[in-house]
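Engineer: No letters, just coordinates:
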C-alpha cells in the first residue's frame, strides 16, 4: 500500500488541495498529470475526487498507531457548544441542551467549515450544501469525536457515494489488518466504511479504525450489544443497547444503523417469503420481539436514541431489517410496511435535528428498482437513500459485485445517495484485499455511471479525458486515467497495442 | 474442456432432450439435479437453456476435425426448394426464384422444424415464433449450409440472447484454438458467436468454426474482402465484396454484419466527435467513400445483397458503422442519421424475405439508453436490436465487461434482443480463455436480469431455486445452480460456511 503518495496504484497522480475561505479548510483532490500538453507546453491535468486521506500526501506525517491529525478539532471547539464527556476517556459531547449536528447548524443558517469543505469537494456552492442538509435531503456524517475525518456530503444532488464494509470476525483478521483494509478501501475510492466486526475485540478494532479513518465510519451497534449479552438476542435490553450507543458515539462513530422499523406486527409478513429475514440486525430484533412479545425497543425508545445522537452528531442510518433477500421477496408487504415506519422515524429524527439516511435493499429485479426509490423518497421525504446493491438476479454467486453493480448504477441514477458495495465473495465468504478492491471498483463504476446520467457537472470531464486519450493512442494517459491503472497496463501488455487499438 | 458431459464445469448437470412433434426435433436442455428431494424421495431438478451443443452429450459421437452431425440436413432437403450450388464445394442454395428463409416460410404460414425447435427451447407456442418471424420482430439465423447449428430465435419476446466475438488475428491463435474458444464460449452460454478473424487464414478458420459450431455464426464479410485487396480500403469493389459474400453464404455463415447505412453525407457528421468513427467496418467504408467520393457500395447494391442472402437464408445484421465510441458521442446526429438509413434498409430486406437485425452501440450513458432503444424500434419497425454493451462510462478500461453489463442489462430490459459481449480486455488487448468466460458470464447476468424484468416465464424459477437453496443452507445446490459453480465453491472454501452464511 502506498505511503506518502499514490505510488504504483495511481501512477502520475499527485495530491493537491483546494483552500477554502480559511487556511485550515484544505480540500484534497487527486490530480492526474497527463502526457498531453497544453499549447504552452505545460502538461494537462485532471482532478478527481479523493478519499484516500493524508496517507497519500507526501508532506503528511503519519505514524501508524497514533492516528491521523485531528483535522476538524478546531472547528468543533470554536463553536463553543461542546464539553468533555464525564467519562474515563476524553470524549466530547454537547453542552446540556445543545444540539451539535450539522443539521442543526444548517437550520440556523450557519455554513460550517464542514459544509464548505464538502461543497468544495463537490464543486458546488457551500450554501447549497447547507440548504440540502437543513431540509434533510443530504447529510454530513461528522461525529465531533471523529475529528480525523474529511467532511463529505451524502445526498442525491451530489456525487453518488459508496460504502465499503469491513470488520473482523471470530474467524480471522487482526486489528492491524482491519485498519489496512480500511485504508485499502478508501485508497480505491470508498467514501465511507462500515465496521461490521463481531467477536471479542470489537471495541479495540473500532478504536483503531476510527483513529486512522479519513472517511466517516458507520457501525451497527446492536452487533456489539449482542456480544455483551453472550449472543442471546432475547437477553438484549434497552439499557445495554443505550450504553453501547453512548460508548460508540464517544468513540467517534459517524453513523449508526438502527433497525427501529422492525415492528412486532410486521414479522408475520415475512413468513411466506422464500428467504425470510436476511438482515442480521433484523433477525436479532425479530428474535427479541418474538421472545418477549413486545414492541421493538429501538422503536419505543427512538426519541431517547435521538437525544443521545444529537449530542455527538451521530447520523442515523435507518436499517431495513426486513429487506428482501431474494428476487422472489422484492418489494413485498414486509419491506414496504417497514418503509412506512422508517418514514415516521425520519420525521422524529429531524425534529431532534438528527441527520438521517434510510437503508434499502438488497435484491430487486430491474423493473422494481424505480418503484423502490420513488416510494422511499415519498415516504421518507427525500431523506438520503442508502442501498445495498441491489442485486438484480440471484443466480450468480461469485459475481455478485456485478449482479449488484447493475442494480446500484440504476438505483443511483434514480436518486439513491449512497451505494453499499458488494464484493465477489458475497453470500460465500469473507472478502480479502482483492475482493475489497474489486467491490470498490465495481461500485465506483456504478456511482460514476449514475453521476453521468444525473448530469453531475464534474462527471463528464473524466470520461472525455480518457476517451480523448484513447482516440489519440496516448496509452499512458489512458492507463493513468483509469480506475485501476495497473490492471489496464497488464491487460494491454498481454497483447500488442496496435491490435488492441482496433478493437475499440 | 469437458467432453461427453458437463464435467466439473457444471457439476450434477446432465443433458436432456425435449422431443417435439417429430422424433428428429430433439431440443437440448441442461438439467441440474439437486440434493433437495421431492416428497417421494426423488431429486428435484431445474432445466435451463443450453447452448453447449452435442459436446456435452455423453451419447454423441464427435470427432474433432470432422464436425458436428448435420442436425438440420433433412429438414432443409425435404422442403424441396434447394439445389447444389455449382461450385467446387458441395454447398446448397435455393432453386432459381425460390426464397429459403425462415421469414419466407413464416409469411406463408409454415411452422418449420426450426421454428418448433426454437419454440421448445423458449417454452412458447411454435406458432408464436412463426408470427414473430413473419412480422420481422424475431429472426432465426439458420443458413441452409450450416445444418450443424441448433435453431434459436432472437427477438424481444424471447430470452435475451448473447453473442461472443471470437476470431484470430495476425498476432496469435491457431485454427484449433479458435474452435476451442467457440466451444468454450458456448459451453458458458453464448447463443451465437461472431468470427471476426483477420489475417491469412480467415477462410480456413471460419470453415472449422462453422463445422463445429452448435450455434449460429456471424461474420463481417468486409474484413475478408479487405484482406483480398491487400488491406487497402480504397481498392475495394462491389465485385470483390459480392464474391466474398457468396463464398461465406455457401460456407454456412448464419448472419453477416453489413455497414450499408454509412452514407457519404453522414461522414462529416463525425468530424467534431471526441472519438470519430470507432467501428472497424464503418472506418473501412468511410475510407472507401471518401477516396472515391461515391456513395457506399453496400447501400447502392443492397437489393442485390438481399437477393444473394435469401438464397441461403443468411440473416443481415445491419452494422452501425457510425456508432459512438465514447460517452461524449452517444446519441449524436451521426448515429441517428445512420439509424434512419438502417430503417430504410430493414424494409428493403423484408421485401426480399431476408431476416434482419439491427446493430446498436457501444457507449451510452444510462439516461440515453431508453431513447436509443425506442428510436431503433420506431425507425426499424421493431426489427431485433443487437447492441454492443453499451458501456455506461469510459473510465474503467480493464473492467469494461462490468461497465457494459450495466448498460446491457438495461437495454435488454428495454427491448434489445441480443447483447454482444464485452470482455475485460476490451480496448486493451485480445481476450484469452478466461476473458471469454468472464465476458460470457457478465452477459448471462445482464441477459437474465433483463429476462426477469421482462417477466419471461422461465426466468424466475432459476432465481427461486437458488434462493431456496441459499436459505436452506443447501450449499451444494447453491453452487450447482450458479453460473460458475467452481468459482462459487472456491470462494466458499476460502472461509468458513457458518460465517459466510451470515453475510447474506
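Structural biologist: In hand now; what should we look at? As the structure is a computational prediction, the values presented were derived from the model and not from experiment.
Engineer: In chain A, where is pLDDT below threshold?
Structural biologist: Flagging of chain A using pLDDT under 70 yields the residue ranges A:87-89, A:169-173, A:496-504.
Engineer: which helix in it runs the most residues?
Structural biologist: helix A:433-454 (DSSP state H).
Engineer: list the helices and strands the helix or strand that it is followed by packs on?
Structural biologist: Scanning the chain past helix A:433-454 towards its C-terminal end, the next helix or strand to appear is helix A:459-471 (assignment: DSSP states H and E). With contacts defined as 3 or more CB pairs under 8 Å, 6 or more residues apart in numbering or on different chains; DSSP states H and E, helix A:459-471 has these neighbours: strand A:26-37, strand A:43-49, helix A:433-454, helix A:475-480. Heads up, the C-betas are built off the backbone N, CA and C, glycines and all.
Engineer: Need these in TSV (columns: mean neighbour count and distance to residue B:397).
Structural biologist: Listed next are the helices and strands packed on helix A:459-471 as TSV, based on neighbours: other CB atoms under 10 Å in any protein chain shown; distance: least, CB to CB, whole Å:
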stretch	mean neighbour count	distance to residue B:397
strand A:26-37	18	14
strand A:43-49	17	15
helix A:433-454	25	11
helix A:475-480	22	6
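Engineer: Looking at these, which is nearest to residue A:113?
Structural biologist: If you check each of these against residue A:113 by CB to CB, strand A:26-37 wins as the nearest, at 10.6 Å.
Engineer: Pipe the helices and strands packed on helix A:459-471 into a markdown table and attach distance to chain B per row.
Structural biologist: Listed next are the helices and strands packed on helix A:459-471 as a markdown table, based on distance: least, CB to the nearest CB, whole Å:
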| stretch | distance to chain B |
| --- | --- |
| strand A:26-37 | 11 |
| strand A:43-49 | 9 |
| helix A:433-454 | 4 |
| helix A:475-480 | 6 |
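Engineer: could you dump these to TSV with distance to residue B:202?
Structural biologist: What follows is these, written out as TSV (distance: least, CB to CB, whole Å):
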stretch	distance to residue B:202
strand A:26-37	36
strand A:43-49	41
helix A:433-454	35
helix A:475-480	28
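Engineer: Please state the offset of the longest helix of chain A from the chain centre?
Structural biologist: With CA atoms, centre = their mean, to the nearest Å as the basis, the distance from the averaged C-alpha position of helix A:433-454 to the chain average is 13 Å.
Engineer: Stretch A:387-394 too?
Structural biologist: 17 Å.
Engineer: contacting residues around it?
Structural biologist: Where contact means CB atoms under 8 Å, 6 or more residues apart in numbering or on different chains, the residues beyond stretch A:387-394 that reach it are A:323, A:326-327, A:330, A:359-366, A:369, A:372, A:400, A:403-408, A:411, A:416, A:418-420, A:422, B:409, B:445, B:448-449, B:452-453, B:463-464, B:466-467, B:470.
Engineer: and those residues, which of them are in strands?
Structural biologist: Assignment to strands by DSSP state E places the following of these there: A:359, A:360, A:418, A:419, A:420.
Engineer: ok, the first one - contacts?
Structural biologist: Taking CB under 8 Å, 6+ apart, we find residue A:359 in contact with A:257, A:317, A:318, A:319, A:320, A:323, A:386, A:387, A:388, A:420.
Engineer: Now do the helices in the stretch 301-450 of chain A.
Structural biologist: Secondary structure of the stretch 301-450 of chain A (DSSP state H, counting those that start in this stretch): helices located at A:302-310, A:333-351, A:366-379, A:400-413, A:433-454.
Engineer: how about the first one: buried residues?
Structural biologist: I take that to be helix A:302-310. Applying a neighbour-count criterion of 16 or more other CB atoms under 10 Å in any protein chain shown, one finds A:302, A:305, A:306, A:308, A:309, A:310 buried in helix A:302-310.
Engineer: Return the member of the contacts of residue A:359 nearest to residue A:113.
Structural biologist: Among the contacts of residue A:359, residue A:317 lies closest to residue A:113 (CB to CB), at 23.7 Å.
Engineer: what about residue A:200, how many residues close to it?
Structural biologist: A count of nearby residues for residue A:200, using other CB atoms under 10 Å in any protein chain shown, gives 11.
Engineer: Please report how far it lies from residue A:253.
Structural biologist: Taking CB to CB, to the nearest Å as the criterion, residue A:200 is separated from residue A:253 by 19 Å.
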